[in-house]
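Trainee: Using only what follows, build the 3D model:
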Amino acid sequence: MTLFYQCTEQQMRKLEILDAHLHVLQSLAMCIDAKHPLDFNPEKLSTMLSTLSNDLTNTLASIQENGLQKQGAI
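Mentor: Residues are numbered from 1 along each chain as shown. Purely as a prediction, here's the structure:
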């Protein structure tokens with residue numbers, strides 16, 4: 001059985017932002033190793049934060065771009 005939900009544009013933007021935040025949390029969780037529960041050496045943390053920043057920037061840019069495209073279509 002397939003369910004289809006209709007969302008407003010504002011709801012979709014909120015969902016996309018929540019998805020970006022969940023991605024950030026997932027990436028942070030991946031930095032915690034079983035052997036070293038809080039292994040946040042400077043290089044690893046710097047690389048991770050840079051990657052997360054780029055991912056979040058790309059996601060937010062995509063949201064903005066999609067919003068501008070929809071406004072132009074109206």
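Trainee: Domain-wise, how is this structure divided?
Mentor: 1-38, 40-73 (the TED database).
Trainee: In terms of mean pLDDT, which of the ones you listed ranks lowest?
Mentor: If you rank the domains of the chain by mean pLDDT, domain 1-38 sits at the bottom with a mean of 70.
Trainee: dump the residue contacts of residue 60.
Mentor: Taking CB atoms under 8 Å, 6 or more residues apart in numbering as the criterion, residue 60 is in contact with 17, 20. (Glycine included, C-beta is placed from N, CA and C.)
Trainee: Helix or strand for it, just tell me which one.
Mentor: helix 42-73 (DSSP states H and E).
Trainee: likewise residue 29?
Mentor: Judged by DSSP H and E, residue 29 forms part of helix 9-30.
Trainee: what comes up buried for that helix?
Mentor: For helix 9-30, burial by neighbour count (16 or more other CB atoms under 10 Å) applies to 13, 20, 24.
Trainee: hang on, isn't the second one packed against residue 59?
Mentor: In other words, residue 20. Yes - counting by CB atoms under 8 Å, residue 59 is a contact partner of residue 20 at 4.2 Å.
Trainee: Residue 16: what's it in contact with?
Mentor: With contact set as CB under 8 Å, 6+ apart, residue 16 has these partners: 59, 62, 63.
Trainee: how about 6 Å then?
Mentor: Going by CB atoms under 6 Å, 6 or more residues apart in numbering, residue 16 touches residue 63.
Trainee: what about it, distance to residue 43?
Mentor: Note on residue 16: its distance to residue 43, by CB to CB, to the nearest Å, is 31 Å.
Trainee: before we move on, what about residue 21?
Mentor: 24 Å.
Trainee: do the same with residue 27
Mentor: Residue 27 is 16 Å from residue 43, by CB to CB.
Trainee: again, but for residue 54
Mentor: Relative to residue 43, residue 54 is positioned 17 Å away (CB to CB).
Trainee: give me every residue that touches residue 19.
Mentor: No contacts exist for residue 19 under CB under 6 Å, 6+ apart.
Trainee: can you rerun that using 10 Å?
Mentor: 59, 63 (CB atoms under 10 Å, 6 or more residues apart in numbering).
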